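Asker: Mind folding the following:
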Amino acid sequence: MGETRHAPVHRVPVRLSPEGVDQHGENARLRALGAAVEVELPDGVTAWAITRHEELQRLLGDPRVVKDLRHWAAWARGEVPESWPMLSFVSVRAMTATDGAAHRRLRGLVAQGFTARRIEALRPRVGHIVEDLLDGLASDAPGPVDLRERFSGPLPISVICELLGIPEDRREELHALSAVMTDTTMDRAGVLSVQRSMYAGLGSLIAAKREKPGDDLTSDLIAAREAGDRLTEEELVGTLLLMFVAGHNTTLNLITNAVRALLTHPGQLALARGGARPWSAVTEETLRWDAPVGRFPLRFALEDIEVDGTVIPKGDAILAAYGATGRDEVLHGPDAERFDITRDSSRHLAFGHGPHFCLGASLGRLEVEVALPALFGRFPGLALAVPAEELVPLPSIVSNSPRSLPVLLTRG
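Answerer: Okay, here's the model as predicted:
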């Protein structure tokens with residue numbers, strides 16, 4: 001685990017597929033090149049992908065690595081277009097793009113809605129939503145049906161929308177827009193159009209909640225601002241954007257990836273269904289082995305930083321390659337590429353690390369650990385409707401999951 005690794009010298013950035021083709025294959029090739037590898041993102045933008053667990057964990061807590069866009073040299077030089085498809089990840093006025101006191105201020109306001117007690121209180125409601133979704137699936141049995149569209153997605157969308165007070169007639173549009181925001185194949189006109197639509201939709205939600213507040217997090221955040229607390233209008237919209245997108249996209253991918261993993265590893269599924277391993281072990285191993293957010297953009301170096309013999313220059317961008325670190329054989333052993341719920345999977349970085357650790361991690365885990373046993377309990381003969389190799393990935397450098405998950409619903 002403490003062995004010294006020397007990265008091979010390479011001078012040309014490694015191009016990552018905007019279409020999300022073979023993320024795990026890309027990650028393996030990047031790990032072979034070193035712990036820090038310069039990669040090319042859409043529009044020729046470059047960043048340093050951190051591919052090893054130890055090195056990424058260290059950088060995620062390093063005060064020399066920040067989120068503030070103003071420290072990005074390429075942005076300051078005008079080399080990154082405003083329509084860059086990944087720009088919203090680094091330009092949004094929310095806690096994921098701030099540091100220090102500004103980050104603590106924003107995170108503190110949002111954290112009030114994600115206490116352990118409040119999350120656990122949601123368990124019965126999550127269970128009711130799951131059962132309603134399974135009833136809907138049963139009416140279409142044996143299928144095939146797209147489990148991503150009919151189960152993996154509606155569950156976290158319903159939960160986060162209820163928390164935020166988003167009415168049902170707005171949910172589908174916002175979900176469709178948020179899905180497009182992680183698409184790294186979009187052209188510039190499309191990127192700008194989606195961003196405008198998303199901000200307009202959230203702006204109208206805020207206006208409606210100002211006029212008629214409810215018992216929800218959106219109203220709470222508005223009240224905090226109106227009471228003289230520290231949210232600006234831009235921060236309010238940005239925070240809602242972050243909470244909505246992160247609050248369901250990650251869990252949507254996680255449920256989809258977990259079901260795919262279990263259906264392609266029947267021996268592992270048998271361990272979970274038989275009680276030999278808890279469903280929480282499925283969640284953690286999926287997070288490690290098939291991280292729902294494969295890479296998260298971006299952080300920036302405040303000074304030259306050496307990573308395992310490679311120097312990341314001051315002002316360069318850093319890409320957290322969670323999918324790559326999850327299969328780091330230095331930490332997880334020579335069988336790191338194998339899905340195995342009997343291993344200790346607790347040491348993964350799929351929810352981040354340090355000051356920016358995901359606030360919604362507990363909620364995501366709860367949803368998955370309610371959903372999986374209920375799904376396989378209702379449909380013990382659940383099976384893929386197409387060969388696993390025919391599943392098409394999301395068109396994204398960031399998100400990691402298939403676009404759809406066609407399954408056959410049988411009771412065994």
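Asker: how much space is there between Gly309 and Ile318?
Answerer: 16 Å (CB to CB, to the nearest Å). To be clear about C-beta, it is placed using only N, CA and C from the backbone, and glycine gets the same treatment.
Asker: Between the two, tell me which one has more neighbours.
Answerer: Neighbours per residue, other CB atoms under 10 Å: of Gly309 and Ile318, the larger number sits with Ile318, 24 against 13.
Asker: Just say helix, strand or coil for that one.
Answerer: Under DSSP: H, G, I helix; E, B strand; the rest coil, Ile318 falls in the strand class.
Asker: ok, it - contacts?
Answerer: Listed by CB atoms under 8 Å, 6 or more residues apart in numbering, the contact partners of Ile318 are 47-48, 50, 59, 65, 298-301, 312.
Asker: In helices, which of those residues fall?
Answerer: Judged by DSSP state H, the contacts of Ile318 include Leu59 as members of helices.
Asker: Counting neighbours, which of the contacts of Ile318 comes out on top?
Answerer: Ile50 (33 neighbours).
Asker: Show the pLDDT at that residue.
Answerer: On pLDDT, Ile50 comes in at 98.
Asker: My read is that it contacts Tyr322, right?
Answerer: No. Using CB atoms under 8 Å, Ile50 makes no contact with Tyr322, being 9.5 Å away.
Asker: so what's in contact with the two at the same time?
Answerer: Joint contacts of Ile50 and Tyr322 (CB under 8 Å, 6+ apart) are Leu56.
Asker: Can you give the distance of the stretch of helix or strand Arg117 belongs to from its chain's centre?
Answerer: Assessed by DSSP states H and E, Arg117 sits inside helix 116-121. Averaging C-alpha positions (CA atoms, centre = their mean, to the nearest Å) puts helix 116-121 21 Å from its chain's average.
Asker: Using PDB, list the CA coordinates for the next helix or strand after that helix.
Answerer: Using DSSP H and E, the helix or strand that directly follows helix 116-121 along the chain is helix 123-138. Extracted in PDB, the C-alpha atoms of helix 123-138 (Å, rounded to 0.1, in the frame of the first residue of the first chain):
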ATOM      1  CA  ARG A 123     -37.600   6.100   5.800                       C
ATOM      2  CA  PRO A 124     -41.300   5.300   6.000                       C
ATOM      3  CA  ARG A 125     -42.100   7.800   3.200                       C
ATOM      4  CA  VAL A 126     -39.300   6.300   1.000                       C
ATOM      5  CA  GLY A 127     -40.800   2.900   1.700                       C
ATOM      6  CA  HIS A 128     -44.300   4.100   0.600                       C
ATOM      7  CA  ILE A 129     -42.900   5.600  -2.700                       C
ATOM      8  CA  VAL A 130     -41.000   2.300  -3.400                       C
ATOM      9  CA  GLU A 131     -44.100   0.200  -2.900                       C
ATOM     10  CA  ASP A 132     -46.200   2.500  -5.200                       C
ATOM     11  CA  LEU A 133     -43.500   2.300  -7.900                       C
ATOM     12  CA  LEU A 134     -43.400  -1.500  -7.600                       C
ATOM     13  CA  ASP A 135     -47.200  -1.700  -7.900                       C
ATOM     14  CA  GLY A 136     -46.900   0.300 -11.100                       C
ATOM     15  CA  LEU A 137     -44.200  -2.100 -12.400                       C
ATOM     16  CA  ALA A 138     -46.300  -5.100 -11.500                       C
END
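Asker: Which secondary structure elements does helix 123-138 sit against?
Answerer: Here helix 123-138 touches helix 154-164, helix 361-378, going by 3 or more CB pairs under 8 Å, 6 or more residues apart in numbering; DSSP states H and E.
Asker: what residues does it touch?
Answerer: So helix 123-138 is contacted by 145, 150-151, 154-155, 158-159, 162, 366-367, 370-371, 374-375, 378-379, 409 (CB under 8 Å, 6+ apart).
Asker: quick one: strands adjacent to the helix or strand that it is followed by?
Answerer: Reading on from helix 123-138 to the C-terminus, the next helix or strand found by DSSP H and E is strand 145-146. Strand 145-146 sits in its sheet next to strand 406-408 (antiparallel), going by DSSP bridges.
Asker: rewinding a little: between the helices and strands packed on helix 123-138, which one is closest to Ile255.
Answerer: Counting by CB to CB, Ile255 lies closest to helix 361-378 out of these; the figure is 5.6 Å.
Asker: distance between the helix or strand that the closest one is followed by and the chain's centre?
Answerer: Moving toward the C-terminus from helix 361-378, the next helix or strand (DSSP H and E) is strand 383-384. Relative to the chain's own centre, strand 383-384 is displaced by 25 Å; criterion: CA atoms, centre = their mean.
Asker: Identify the residue nearest Pro406 in space, chain neighbours excluded?
Answerer: Among residues not flanking Pro406 along the chain, Ala385 sits closest, at 3.9 Å (CB to CB, 6 or more residues apart in numbering).
Asker: tell me the pLDDT at the one you found?
Answerer: 97.
Asker: What spatial separation is found between it and Leu269?
Answerer: Computed with CB to CB, the distance linking Ala385 and Leu269 is 17 Å.
Asker: more neighbours, these two?
Answerer: Between Ala385 and Leu269, counting by other CB under 10 Å, Leu269 is the more crowded of the two (20 against 17).
Asker: Thank you kindly, that will do.
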